[in-house]
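Student: 3D model of this:
(2 chains)
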Amino acid sequence: MGHFAPHNLGDALSALASQDGARILAGGTDFFPSLGEAVPPGTIIDISRVAELCGITATAAGWRIGAAVRWSDIAKAPLPPCFDALKAAAGAVGSVQIQNAGTLAGNLCNASPAADGVPPLLALGAEVELAGPLGLRRLALGDFLLGVRKTALGAGELVTAVHVPAQPDGSGSAFCKLGSRRFMVISIVMVAANVWVLDGRIAGARVAVGAASPVARRLPGLEAALIGRPVDDMGGFTQPGHLSGLAPIDDVRGTAGYRLEAVAELCDRAIAGALIHG
Amino acid sequence: MDKRSDTAHTALTLNGRIVEVAARVGERLSHSLRERLGARDVKVGCNAGDCGACTVLVDGAPVCACLMATQQAAGRCVETLAGLRDSAEGRALHQRFQGHQAAQCGICTPGMVVSAVALLRVVPDPDEDQVMQALGGVLCRCTGYRKIIDAVMGKPAPLHGTGAVGDAIPRVDGAAKVAGTEAFGDDVAPADALVIRVIRCPHPRAAFALGDLDAWRAATPGVVATLSAADVPGLNAFGVIPAFVDQPVFAEHEARFRGEAVAAVVCTADTPLDLSGFPVTFTPLPAVETVEQAMAPGAPLLHDTRAGNVMTGGFVQCGDAAAALARADVVVEGRFTSGFVEHAYIEPEAGFARMVGDRVEIHACTQAPVMDLESMALILGWPKERVRIVPTAVGGGFGSKLDLSVQPYLALAAIKTGRAVRIAYSRGESMQSTTKRHPSDLSVRIGATRDGRLCGMQFDGLFNTGAYASWGPTVANRVPVHASGPYRIADYRASAKGIHTHCPPSGAFRGFGVPQSAIAQESLFDELAERLGLDPLEFRAINALRNGTPTVCGQVFDQGVGIGACFEALRPAWAQARAECTAFNAKHEHVKRGVGIAGGWYGCGNTSLPNPSTIKAGLRADGTLVLHQGAMDIGQGANTVIAQIFAQALGVPVAQVTLIGPDTDLTPDAGKTSASRQTFVTGAAAKLSGEAMRASILKLCNAPEDAVIALGDGGLSVTGAERHHIPLDRMPRDAEGYVIRSCETYDPPTKPLDANGQGHPYAQFGYAAHMALVEVDLALGTVKPIRFVAAHDVGQAINPLLVEGQVQGGIAQGLGMALMEEYLPGRTENLHDYLIPTIGDMPPVDTLIVQEPDAHGPYGAKGLGEHVLIPTAPALLNAICNATGVRLHAVPATPSRLRDAIRDAR
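Tutor: Sure, this is the predicted structure:
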């Protein structure tokens, strides 16, 4: 019972191992809304002060974003253009208040289909680093997210970082979020695109779509079709067949049909944006 | 490892001072700040990070204190408004918020100012978009944000004058709002108050049985008492209209909507109470949640005496609508629908109650203290003298706080326990259980002749009035009176019915059904204009009511009809916007701009019913001038308006007026704050009261009517031909300590409506016309309002800045209704699924104040509050149609809905 605020990963893991029913708390921006007016859990492990989880660092293989890194840290970080989609998402999550508290890793663990952080990380080919009783492991983000509110996080494990591999030269990136109002809005759909160019033609692309399937996903058909297209051939990238992997639903924010239509439009806009800014 | 704690002390720096707090595990910082550290300037609106009212700075960064565990603040520097208001930025913002009237109700103001301080520390001279980005996380439901933007940007304050009628002075009650010291419903309970939690039905309709409450109470630590229908000593029913008192305090045997109260628990304040074990069993029953279901043959009846689930209806008829439509050259028709709209004030219902002798005192947010008192006396079975209602500041109302909410639970718990008790609704229970705007289903036909004159209108409206009547009868009555809009229609037939469903009660919401009917009527007017080849403004101007032309109720005003002047005022902006759209659209293929116009009118005060307000004032022997101001200021500015009118009538500066009340022990009944009646009706009473006091003073020294009254230094002087000093301290004092007093009542002259709705429903109408300019992204169906121009005939602006504030705030609500707001019971019971406009959604508003004086209004003034919301949504829909060619028949015009319509049209 109690509020644990470990300063290092070892302590965090041993607290997690020793406390049954402990809940992990970082930014609190999902924790408290889901708690509502209910009685809080008796044991909280607050990971926001764990040294190993803080900071964004360049590594030999790319970048490591600590699990306690907040949205506003990402928005302010000096990162190359391939991170533009992630930075745009960081500025579009909730409000300034949410961005100053909420963490990227928490966004992943919350596993909402509409998590704004997921498409940009899929478009970066990111991996999730987990620590637990059996040590560290890494999963591709697509393997970490299993479904609506479901992740591969095991008992006694916590997410420690997100790893972004080195990106091809000339990578540009863009994020398009669609909502019914300007701030503090859950996305109807959103798209992130990372595109890289060689000799005036698209050499490769990752395009990921959120809120149009239980877990955000990339569009491999579209990505393949983009390769070789001249960069000045703008627009009309997305064909209906490219969206076959999506399974949007009808809900209060929009119909499934609308979501598909909007995704096609936003994919084109995000790809064009990535080409312009690359 | 860092220390663990359950309720161990957490040390943090609060507003520059190191404090220690013993917070429970998982306790929100907002709770600790408010309840353990006395920082009641931190407001709680949602406990979910959706409204930003609880914004504080942690190590300089704005965060929602409701999303942070108190222990997470250990060792950190926490700043609230109280600690920031004396900083350079805080002082500047205080002055600017006052100068722009950027605080209306004031509940969001601490969050706004704290966020703005953080911005100004980094960007001392921000542009509009920087302000929007910085304040985008704080919701405001009153102001429409524009004055907040102006204040944070440091634009020159548009103040003028010293407080005479017509002067733009700061709110007389503004300083406390801007300083964060205003006391709202949840800010006033004593520290030892017990806490009430209400047990609510989780189904649209359910039979239920309560178990052994006493045994549960005895077995559950912290629980002091339980309450249920068995604890209601008087009438277990309340309502706002005497013939429709039908809503139980606690349901008995069957609950009729999701969120209806079935019982309550009174517990000690610091009890983490798991209510899942409360002894109640619910058995869901078949429910009717739409008008269609409720009217289907064999549908379960909500109330046995209301056949077909028809609560009541309203009807207005003049001439022969069918014949006129048959002879019209052009007839348009349509079916228009809208959903529930939530008031979404940032302050959830809250208050406290205590016993004082054999009386119960209820301190809570309300729009209608005297109606609360009368209802509570019936519920308690007590004489009215044993109930005192002391309204707190109200963090937004917009109609919903006219009805009882927390008051019965507070009173019953205080009586049962003998202790002070408090309650604050969670955002979820506020949204579930309090009234909503009526969903509407309107079938309308309107005709016109080739010369552009209206020729016949038929209107049939069905309104989903939910489980209980609330103000549904008022909506049913008002809509047929207003559905013509402010236009001359000689042949007219309109009916409206309220239909019960297993939904939350629909009640009063700014406009009482008229915003819904205006969507249908003003949309069809654009279709008529198009069919006739007429400019939409021209078509409306041709048909606008004038002095001397009868309304659809046969009421003829020989003065004060200002709708024509509103349309005239819009002409330059309209011409410019039309040209601008044409130029823009020639250059853009994927986004299109459009401009729309709509008119509106609204009768001020009750419909054909007595509607008096009384204003009392007194002069003390020391020269203190006291105004007993019983009109609830819910942010709209009654405290300022009534004081300005009274001061003008008496002939003294408004700064010399000391306000008392509202408080049912201290202030005479100034009626409810609804129906845009306070400026008109209470204002007229204040004028009479000021004039009466002036007459009494002048009589003391036989001074002429134009003599100058001056109060100062404990004395009163009157200067006419000569100067008289009146020795107040030597005059006899009455029981209240007054040496001179006045108490006057005003009741607007109306006449009953006959079976055809003919009569004089209102002594005055106010009039409005809006122009909206929008940009539509055709591929996505998103609508971006670019600007509004709003012409409002207010007769006489008592305080033009308050007029602008009402206009901007009403437009924001109309924008929300048009573009994003729909309450779905069980689905959008929070402020992240139910969306209201943020600061980034609200474009500039140019307010054109039209002053066509009204013979009944004080200094010619007319009501304004509801009028604003009426033309906004149809103006937006007409602008969308102008941009896209697509006519929407349902609101909100969400991107999904609009895109579907654009696709279908191609």
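Student: what sits against residue B:414?
Tutor: The contact partners of residue B:414, taken as C-beta atoms under 8 Å, 6 or more residues apart in numbering or on different chains, are B:353, B:354, B:355, B:360, B:420, B:421. Placement of C-beta: from N, CA and C, glycine included.
Student: Sitting in strands, which of these do you find?
Tutor: Judged by DSSP state E, the contacts of residue B:414 include B:353, B:354, B:355, B:360, B:421 as members of strands.
Student: Name the member of the contacts of residue B:414 with the most neighbours.
Tutor: Neighbour counts for the contacts of residue B:414, by other C-beta atoms under 10 Å in any protein chain shown, peak at residue B:353, which reaches 33 neighbours.
Student: Does that one have any beta-bridge partners, and if so which?
Tutor: With DSSP bridges as the criterion, residue B:353 is bridged to residue B:362, residue B:421.
Student: so what pLDDT did it get?
Tutor: Looking at residue B:353, its pLDDT reads 98.
Student: which strands and helices sit next to the lengthiest helix in chain B?
Tutor: Ordering each helix of chain B by length in residues (DSSP state H) puts helix B:563-587 first. Counting contacts by 3 or more C-beta pairs under 8 Å, 6 or more residues apart in numbering or on different chains; DSSP states H and E, helix B:563-587 packs against helix B:536-543, strand B:591-603, strand B:765-777, strand B:782-793, strand B:845-850, helix B:865-884.
Student: Looking at those, which is nearest to chain A?
Tutor: Of all the helices and strands packed on helix B:563-587, strand B:782-793 sits nearest to chain A, with 7.3 Å by C-beta to the nearest C-beta.
Student: Would you verify that residue B:409 is located in a helix?
Tutor: Yes. Counting by DSSP: H, G, I helix; E, B strand; the rest coil, residue B:409 falls inside a helix.
Student: on that earlier part again, output the helices and strands packed on helix B:563-587 as JSON lines; include the columns mean neighbour count.
Tutor: Formatted as JSON lines, those follow (neighbours: other C-beta atoms under 10 Å in any protein chain shown):
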{"stretch": "helix B:536-543", "mean neighbour count": "22"}
{"stretch": "strand B:591-603", "mean neighbour count": "27"}
{"stretch": "strand B:765-777", "mean neighbour count": "29"}
{"stretch": "strand B:782-793", "mean neighbour count": "24"}
{"stretch": "strand B:845-850", "mean neighbour count": "20"}
{"stretch": "helix B:865-884", "mean neighbour count": "29"}
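Student: Find the closest residue to chain B in the stretch 51-200 of chain A.
Tutor: Closest point on the stretch 51-200 of chain A to chain B, by C-beta to the nearest C-beta, is residue A:95, at 2.4 Å.
Student: Quick check: that residue touching residue B:136?
Tutor: Yes. Between residue A:95 and residue B:136 there is a contact under C-beta atoms under 8 Å: 5.2 Å.
Student: which residues are common contacts for these two?
Tutor: A:183, A:184.
Student: Distance to residue B:50 and mean pLDDT for the helices and strands packed on helix B:563-587 - can I get that in CSV?
Tutor: CSV is the format used below for the helices and strands packed on helix B:563-587 (distance: least, C-beta to C-beta, whole Å; pLDDT from 0 to 100):
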stretch, distance to residue B:50, mean pLDDT
helix B:536-543, 38, 98
strand B:591-603, 30, 98
strand B:765-777, 25, 98
strand B:782-793, 21, 98
strand B:845-850, 25, 98
helix B:865-884, 23, 98
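Student: Pipe these into CSV and attach distance to residue B:281 per row.
Tutor: Output for those, formatted as CSV (distance: least, C-beta to C-beta, whole Å):
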stretch, distance to residue B:281
helix B:536-543, 58
strand B:591-603, 47
strand B:765-777, 51
strand B:782-793, 47
strand B:845-850, 52
helix B:865-884, 42
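Student: So for residue B:101, which of these sits nearest?
Tutor: Closest to residue B:101 of the helices and strands packed on helix B:563-587 is strand B:845-850 (C-beta to C-beta; 12.6 Å).
Student: Chain A versus residue B:697, what's the distance?
Tutor: Distance, residue B:697 to chain A, using C-beta to the nearest C-beta, to the nearest Å: 54 Å.
Student: Any idea how many residues pack against that residue?
Tutor: Number of residues near residue B:697 (other C-beta under 10 Å) recorded here: 23.
Student: shouldn't residue B:545 be in contact with residue B:551?
Tutor: Yes. Using C-beta under 8 Å, residue B:545 is in contact with residue B:551, at 6.6 Å.
Student: so what sits against both of those two?
Tutor: In contact with both residue B:545 and residue B:551: residue B:557, using C-beta under 8 Å, 6+ apart.
Student: how about the strands in the stretch 1-150 of chain A?
Tutor: Assigned by DSSP state E, counting those that start in this stretch, the strands in the stretch 1-150 of chain A fall at A:2-4, A:23-25, A:43-46, A:56-59, A:62-66, A:127-132, A:135-140, A:145-147, A:150-151.
Student: got a markdown table for the ones you listed, with distance to residue A:161, mean neighbour count and mean pLDDT too?
Tutor: Formatted as a markdown table, the strands of the stretch 1-150 of chain A follow (distance: least, C-beta to C-beta, whole Å; neighbours: other C-beta atoms under 10 Å in any protein chain shown; pLDDT from 0 to 100):
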| stretch | distance to residue A:161 | mean neighbour count | mean pLDDT |
| --- | --- | --- | --- |
| strand A:2-4 | 20 | 25 | 95 |
| strand A:23-25 | 15 | 21 | 97 |
| strand A:43-46 | 17 | 24 | 97 |
| strand A:56-59 | 9 | 14 | 96 |
| strand A:62-66 | 5 | 21 | 98 |
| strand A:127-132 | 4 | 22 | 98 |
| strand A:135-140 | 9 | 13 | 97 |
| strand A:145-147 | 16 | 17 | 98 |
| strand A:150-151 | 15 | 16 | 98 |
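Student: and the ones you listed as JSON lines, adding distance to residue B:207?
Tutor: As requested, those are arranged in JSON lines below (distance: least, C-beta to C-beta, whole Å):
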{"stretch": "strand A:2-4", "distance to residue B:207": "43"}
{"stretch": "strand A:23-25", "distance to residue B:207": "36"}
{"stretch": "strand A:43-46", "distance to residue B:207": "39"}
{"stretch": "strand A:56-59", "distance to residue B:207": "57"}
{"stretch": "strand A:62-66", "distance to residue B:207": "53"}
{"stretch": "strand A:127-132", "distance to residue B:207": "48"}
{"stretch": "strand A:135-140", "distance to residue B:207": "49"}
{"stretch": "strand A:145-147", "distance to residue B:207": "36"}
{"stretch": "strand A:150-151", "distance to residue B:207": "36"}
